[in-house]
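Asks: Could you look at this predicted model? Sequence included:
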Amino acid sequence: MMNKDYDVVIIGAGFAGIKAALTLEKYDLNICVVDEGVLPGGQFIRYKKDGENSSKIPTYNKGLALVKEFNESSITYLNRSELIFINEEKEILVKLPDDSLKIIVPKTIIFATGAREIVQPFKGWDLPGVITTGAMQILLKTSGKTFCDEIVIAGSGILHYAAGATWLEKGGKIKSFYDVNSFPNKFKMLTSALASNEKRADFFAMLPDMLKIQMNAKNNIKVIEAKGDKKLEAIVLAKVDGNGNVIKGSEFEQETSLLAIGNGLVANLDVATAAGCETIYDEKLGGLVLKTNHLLETSQKDIFAAGAPSGIGGADKAELEGEICAYSVLLNQKVIDANVYYELTKDLFISRTKAISFGKTLSSMQKFNLEEIKNLDEDTTICRCENIKLKDINEAINFGLTSINSIKKKTRAGMGNCQGKTCSELVRAILQSHGHNDTNHIKTRAPLKPTSIDILAGEITFLDGSKV
């Protein structure tokens, strides 16, 4: 017997997921939010459960207010819970914190699964002491303090600036700050941010720290190698031209034991593609995203996408789309009619257009330099889970394999614990550097998260308490 107790299941408790859940709750729908996090808020709103959590960034404090409202609601929240199976019939298998399995079959699903960071690989990037700017932010926000005396920050786009501002806010010192982009490109990002009310408020709140960073920032410089004996000891950097190509003879070395680096974001789509949702590849939206219609409904009926899965754009886009998805669900379930839907969403869609415009600016600043990737040292690690090197990928391509999934079968790149979350986009870029464009997603199989055989062989509980 399949149980349909929940009207809507939302996957992810970030800005998009929380906003969708709170909007739907007002219409007395039975909502369940499934989330891997210990606390709601997603990657952006990381906070200490007990302690001072306020920030000078308005969007962050807005997120904290949403979290507070969510915690005080009657919405079912399955935290520390992993979705390990889903299919096109919307059957969801969740592993709860006690390792028990629960099956849920809702009427509707909203994917609010957020994004993950990407880093253009370089020799030694897998050394201990090299972290992403996102990991740095998580450590800062959850602990409330810095974790070393000095740090080197590098990358492109806006992520490393946000990480730097948080580091300074927590009392840390930045040893050096490097940006691949030129100052004119950064100015383009600034003008795009000022066009959005939310981004403008955040920018002015961060302005003192941003100016402090920019005064000491070195533009048109990228990290090309990390050195060390079993841990980071130094980095090699070089100047780049207007196209991002390394200028030969400009290389220099700097000692450091900690490097935080970020080059951009890509959407988390593994769960959605396992449910049969179609994807499209659009560099302007951040690469691979879910195909959605005017209601933000995916190719699968009654499955919607909010936030990064429909295109990279930041917290304000995620919140807007969470609310839009909620109203689209209400329209589909005939709780509201088309006229009410239009009145409730018309201003949301206008604001969303501005948020998408900013996202496109960010995406233009996070493109991989294909020429540099093609000329990487062949011993550079591409798949860290399976220790697959660039030479292994190149050999597969020379063998005639021109897709992410065929290379996965040949080399095991993407078969490790993370299921290709990091390396699949790197393999895509390597293929592009060889003149092959693969716009498909990497195929995933259940269990979607590493799960022991003992757990999988155990009982599965339905919402009504019956077991199989």
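Replies: Yep, it's here.
Asks: Out of the helices and strands in this structure, which is least certain?
Replies: helix 183-194 (a mean of 62; mean pLDDT, DSSP states H and E).
Asks: how about low-confidence regions in the stretch 101-250 of the chain?
Replies: Applying pLDDT under 70 to the stretch 101-250 of the chain flags residues 183-200, 204, 206-207.
Asks: In terms of helices and strands, where is residue 304?
Replies: Residue 304 belongs to strand 303-305 when elements are defined using DSSP states H and E.
Asks: need the next SSE after that strand, C-terminal direction.
Replies: Scanning forward in sequence from strand 303-305 by DSSP H and E, the next helix or strand is helix 315-332.
Asks: what packs against that following helix?
Replies: With contacts taken as 3 or more CB pairs under 8 Å, 6 or more residues apart in numbering; DSSP states H and E, helix 315-332 sits against helix 15-25, helix 58-71, strand 108-111, helix 197-216, strand 303-305, helix 338-364. Backbone N, C-alpha and C define where each C-beta goes, glycine included.
Asks: Run through the neighbouring helices and strands of the fifth one.
Replies: The reference is to strand 303-305. Contact partners of strand 303-305 among helices and strands, from 3+ CB pairs under 8 Å, 6+ apart: strand 108-111, helix 315-332.
Asks: contacts for stretch 388-397?
Replies: Identification of contacts with stretch 388-397 by CB atoms under 8 Å, 6 or more residues apart in numbering yields 121, 376-382, 406-407, 410-413, 423, 427, 430-431, 434, 436.
Asks: repeat that for 10 Å
Replies: With CB atoms under 10 Å, 6 or more residues apart in numbering as the contact definition, stretch 388-397 has outside contacts at 121, 123, 373-374, 376-383, 386, 401-402, 406-416, 423, 426-427, 430-431, 433-436.
Asks: Could you look up the SS state of the closest residue to residue 416 other than its chain neighbours?
Replies: What sits nearest to residue 416 in space, not counting adjacent residues and going by CB to CB, 6 or more residues apart in numbering, is residue 385, at 2.2 Å. Recorded secondary structure, residue 385: coil (DSSP: H, G, I helix; E, B strand; the rest coil).
Asks: For residue 385, list the residues it contacts.
Replies: Applying CB under 10 Å, 6+ apart, the residues contacting residue 385 are 412-423.
Asks: Same list (the helices and strands packed on strand 303-305) but as JSON lines, adding distance to residue 297.
Replies: Formatted as JSON lines, the helices and strands packed on strand 303-305 follow (distance: least, CB to CB, whole Å):
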{"stretch": "strand 108-111", "distance to residue 297": "10"}
{"stretch": "helix 315-332", "distance to residue 297": "6"}
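Asks: Of all the ones you listed, which one comes closest to residue 270?
Replies: Each of the helices and strands packed on strand 303-305 has some distance to residue 270 by CB to CB; the shortest is strand 108-111, at 10.5 Å.
Asks: Can you name the element that comes right after that closest one?
Replies: Trace forward from strand 108-111 with DSSP H and E and the next one is strand 115-118.
Asks: name the helices or strands packed onto that next one?
Replies: strand 130-132, helix 133-143, strand 259-262, strand 264-267, helix 423-433 (3 or more CB pairs under 10 Å, 6 or more residues apart in numbering; DSSP states H and E).
Asks: let's go with 7 Å and repeat that
Replies: Packing partners of strand 115-118 (3 or more CB pairs under 7 Å, 6 or more residues apart in numbering; DSSP states H and E): strand 264-267.
Asks: List the strands paired with the strand it packs on, with their directions.
Replies: Using DSSP bridges, strand 264-267 pairs in its sheet with strand 115-118 (antiparallel).
Asks: circling back to that earlier point, buried among the contacts of stretch 388-397? Make that a ChimeraX selection.
Replies: This is the ChimeraX syntax for the buried subset of those, where burial follows 16 or more other CB atoms under 10 Å:
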select :121,123,373,376,380,381,382,383,386,401,407,408,410,411,413,414,415,416,423,426,427,430,431,433
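Asks: okay, now the domains of this protein?
Replies: Annotated domains of the chain cover 8-115+267-362, 120-262, 370-433 [automatic domain parsing].
Asks: Adjacent strands (with direction) for the one helix or strand residue 235 maps to?
Replies: Following DSSP H and E, one finds residue 235 within strand 234-239. In the sheet containing strand 234-239, its partner strands are strand 221-227 (antiparallel), strand 252-255 (antiparallel), by DSSP bridges.
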